[in-house]
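Asks: Kindly return the folded structure for what I paste below:
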Amino acid sequence: MTQKQLLTHALSFVESPYHGDATAMKAARASLIIAWLRHMNWRPEADALEAKLGSTDCLAEAVNTLAKHSGETDEGECLGAFLNRIHGWSLATGEWQATEGAVLVEELWGLINTLS
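Replies: Numbers count the residues shown, from 1 in each chain. I've put the predicted structure just below:
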């Protein structure tokens, strides 16, 4: 399984407890992607995604609600670390439109907003 396929599969896993609540599903997806980026030390991209979340009131509130429940947050942290252990602490260049910066942030934002 490629890096991007594995991430997509993990996203569907973290959103599954929230089926029926699109905002909570997107928040769970965002939390995982941000945790994954932070584990790779992709801080500018993680910060940019957090800023995008903060500008979307309903998503910002949903992420804050998830963060209050440490089990969900811990799950995202564990999965983020797991993804990096499988594929290394970098991005597979052939799978992504870009491996840093605004283009990567937009591609990941698309993954957050595309529900299974």
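Asks: so which helix or strand takes in the residue sitting nearest the centre point of the chain?
Replies: The centre of the chain sits closest to I33, judged by CA atoms, centre = their mean, with a distance of 1.7 Å. I33 belongs to helix 22-39 when assigned by DSSP states H and E.
Asks: Next, work out how far apart the nearest residue to H87 once chain neighbours are set aside and K52 are.
Replies: Among residues not flanking H87 along the chain, Q3 sits closest, at 4.4 Å (CB to CB, 6 or more residues apart in numbering). The C-beta positions use only the backbone N, C-alpha and C, and glycine is treated the same way. Going from Q3 to K52 by CB to CB, to the nearest Å gives 22 Å.
Asks: quick one, helices of this structure?
Replies: 3-15, 22-39, 43-54, 57-68, 70-87, 101-113 (DSSP state H).
Asks: now those helices in a markdown table, with distance to T93 and mean pLDDT?
Replies: Below are those laid out as a markdown table (distance: least, CB to CB, whole Å; pLDDT from 0 to 100):
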| stretch | distance to T93 | mean pLDDT |
| --- | --- | --- |
| helix 3-15 | 10 | 91 |
| helix 22-39 | 16 | 91 |
| helix 43-54 | 15 | 92 |
| helix 57-68 | 29 | 75 |
| helix 70-87 | 12 | 72 |
| helix 101-113 | 11 | 95 |
